[in-house]
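K.L.:
just a sequence and a predicted model for now, questions to come.
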Amino acid sequence: MHLLEILNPVAPQRAMQSALQPNPRPKSLDGKTVGLVWSGTHGGDVALKTAGEELQKRFKNVRVNFYTGGNYPNPPHILKQAGEECDVVIGATAD
């Protein structure tokens, strides 16, 4: 009798191996601080600033903090700072 070993030819996605589960969404952004984290790529700052302006129009007393590490990926201390100072964080790379 022969043993037949079956292998899965599909490799796991590299990004999924280190992906974190997102935190639960707040019911509202009223009175919250939103962190906008930009990696420095072209256009990401424009997209994030526009998102921040729209959030301030839509929700009451939203504060927006802008963070940049100047390169992709953002340095861990920038991400840590944003996470500590903000209730919600939005990241963008654009291009």
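P.N.:
Structure received.

K.L.:
the lengthiest helix in the chain - contacts with which helices or strands?
P.N.:
With secondary structure taken from DSSP state H, the chain has its longest helix at helix 44-58. If you count contacts as 3 or more Cβ pairs under 8 Å, 6 or more residues apart in numbering; DSSP states H and E, helix 44-58 packs onto strand 33-38, strand 63-68, strand 88-92. For glycine as for every other residue, the C-beta is placed from the backbone atoms N, C-alpha and C.

K.L.:
list the buried residues for it?
P.N.:
Residues G44, D45, L48, G52, L55 are the ones in helix 44-58 that count as buried (16 or more other Cβ atoms under 10 Å).

K.L.:
just to revisit the earlier point, so which of the helices and strands packed on helix 44-58 comes closest to K27?
P.N.:
Taking Cβ to Cβ, strand 88-92 is the member of the helices and strands packed on helix 44-58 nearest to K27, at 11.7 Å.

K.L.:
ok, residues contacting that closest one?
P.N.:
Outside strand 88-92, the residues that touch it by Cβ atoms under 8 Å, 6 or more residues apart in numbering are 25-26, 29, 32-39, 44, 47-48, 51, 74, 79, 82-83.

K.L.:
ok, back up a step: centre of the chain to the longest helix of the chain, how far?
P.N.:
Helix 44-58 sits 14 Å away from the centroid of its parent chain (Cα atoms, centre = their mean, to the nearest Å).

K.L.:
what of stretch 52-68?
P.N.:
15 Å.

K.L.:
do the same with stretch 27-43
P.N.:
The answer for stretch 27-43 is 8 Å, by Cα atoms, centre = their mean.

K.L.:
low-scoring stretches of the chain, by residue?
P.N.:
Within the chain, the segments meeting pLDDT under 70 span 12-20, 93-95.

K.L.:
swap the cut-off to 90 and go again
P.N.:
Counting by pLDDT under 90, the chain contains low-confidence residues at 1-25, 39-45, 68-77, 79, 91-95.
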